[in-house]
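A.B. asks: Mind folding the following:
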Amino acid sequence: MTDRQPTAEVFENAVAMAVRAPSVHNTQPWRWRLGERSVDLFADSERRLPSTDPTGRALLLSCGAALHHLRVALAVHGWSAEVDYLPNPVDHDHLARVTVSADSPSRDDIDLGAAILHRQSDRRRYCDRRVPYGRLRQVAGRAVPFGAVARVVPPPMRTPLGRVTRAAAGRHAQDHAYLAELAEWSGRHGTADGVPAANTPRPRLDDDVPQRTFLEPELADTQFENDGSEWLVVGTAADDHRSALRAGEAASALLLTATSLGMASCLQTEPLGMAELRSAIRADVLQDCAHPQAMVRVGFMPASVAPLPFTPRRPVDEVIEAGISA
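C.D. replies: The predicted structure is shown next:
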């Protein structure tokens, strides 16, 4: 088995699964380069959103989620992955090199791989069925292998989390540069990137923790009176580029695990782009023990609710660069 060589088709199929990862405003800010036994991940800096994501953290988080999706996809195809993070000190866009070796997929790999095909960012109100604590702990535990923690936010802490999220939305509503980016990247119809209007409901001001407001929302929300959502905050001990990248991997692992357990989910980062509000989440939710990198919402959506349209992705040949990695 160790003499097997990965084919270009295996890598292309893995990238096709990787690009299904969530990204800020569905910008899909990644580029890939295929080698003989490796895949290199690069940030596509032209897709960074300076007003929405002034520090570039959300871009790194997005690429980290795609990196984790790639690792899962490779495992499903029978290849284990060793990741070298930020391998080129003179090219800051070179985020990771993934080198493969022959292996056999585990049951968990197969479950997470199937979840890639079904996971969607569902911003609608979830039903009032509570998520069992054991399942929450199972989801939260997925952050640990990536050097991260995922703190389940108990009901008393949702008040400060909701307060900072509303504060972020209020500031953004007065930020013309942010609104210009939002207009460019949301309310989309028939495009391969950006947030489709058909996938976003109108904002609900009475939610514990409100979702980000997008342009021209067309998605009909559910009519559940009580939202049974649970929130987790992903944090890291350090606060550098590597930590943000690995936090994206952790967030992806949480989302895919939630999907495999039959839950709906979505990612939220809006207040984390503002230093003062991010510090408040660090203090109020993480007790100053970790740097918050992402917020993950999970809950149940009954099968009777209409499914979401799938969010589009750019063709794989647009994100794979010509040339072979060393």
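A.B. asks: Any regions of the stretch 201-326 of the chain where pLDDT drops low?
C.D. replies: Filtered on pLDDT under 70, the stretch 201-326 of the chain yields the residue ranges 323-326.
A.B. asks: how near is residue 7 to residue 306?
C.D. replies: Remark: distance between residue 7 and residue 306 (Cβ to Cβ, to the nearest Å) = 39 Å. Where you see a C-beta, it was placed from the backbone N, CA and C, and this is true even at glycine.
A.B. asks: Likewise for residue 141?
C.D. replies: Residue 141 sits at a distance of 32 Å from residue 306 (criterion: Cβ to Cβ).
A.B. asks: unless I'm mixing things up, residue 109 is touching residue 73, no?
C.D. replies: No: counting by Cβ atoms under 8 Å, residue 109 sits too far from residue 73 to count as a contact (9.3 Å).
A.B. asks: who's more crowded, these two?
C.D. replies: Per other Cβ atoms under 10 Å, whichever of residue 109 and residue 73 has more neighbours is residue 73, with 25 against 20.
A.B. asks: so when I look at the more buried one, I'm seeing a helix, right?
C.D. replies: Yes: under DSSP: H, G, I helix; E, B strand; the rest coil, residue 73 sits within a helix.
A.B. asks: tell me the contacts of it?
C.D. replies: Taking Cβ atoms under 8 Å, 6 or more residues apart in numbering, we find residue 73 in contact with 13, 14, 15, 16, 17, 18, 113, 116.
A.B. asks: For the fourth one, give me the pLDDT.
C.D. replies: pLDDT, residue 16: 98.
A.B. asks: same deal with the last one?
C.D. replies: Reported pLDDT at residue 116 in the predicted model: 99.
A.B. asks: Could you number the chain from 650 rather than 1 from now on?
C.D. replies: Right, with 650 as the first residue, what we last looked at is residue 765.
A.B. asks: Let me see the contact set for it.
C.D. replies: Contacts for residue 765 were tallied using Cβ under 8 Å, 6+ apart; they are 666, 669, 718, 721, 722, 905.
A.B. asks: The first one too?
C.D. replies: If you count contacts by Cβ under 8 Å, 6+ apart, residue 662 has them with 722, 726.
A.B. asks: Now do it against residue 960, distance only.
C.D. replies: Counting by Cβ to Cβ - residue 662 and residue 960 are separated by 20 Å.
A.B. asks: same deal with the last one?
C.D. replies: In this structure, residue 765 lies at 13 Å from residue 960, with Cβ to Cβ as the measure.
A.B. asks: Check the fifth one too.
C.D. replies: Applying Cβ to Cβ, the value for residue 666 to residue 960 is 15 Å.
A.B. asks: How about the second one?
C.D. replies: Summarising the geometry, the distance separating residue 663 from residue 960, computed by Cβ to Cβ, is 20 Å.
A.B. asks: any idea how this protein splits into domains?
C.D. replies: If you go by automatic domain parsing, the domain ranges for the chain are 657-768, 782-948.
A.B. asks: Ok, which of those domains comes nearest residue 774?
C.D. replies: domain 782-948 (4.7 Å; Cβ to Cβ).
A.B. asks: Which of residue 790 and residue 955 has more residues huddled nearby?
C.D. replies: Shown here are residue 790 and residue 955; by other Cβ under 10 Å, residue 790 has more neighbours (14 against 10).
A.B. asks: how about the more buried one, phi and psi?
C.D. replies: phi -60, psi -20 (degrees, to the nearest 10).
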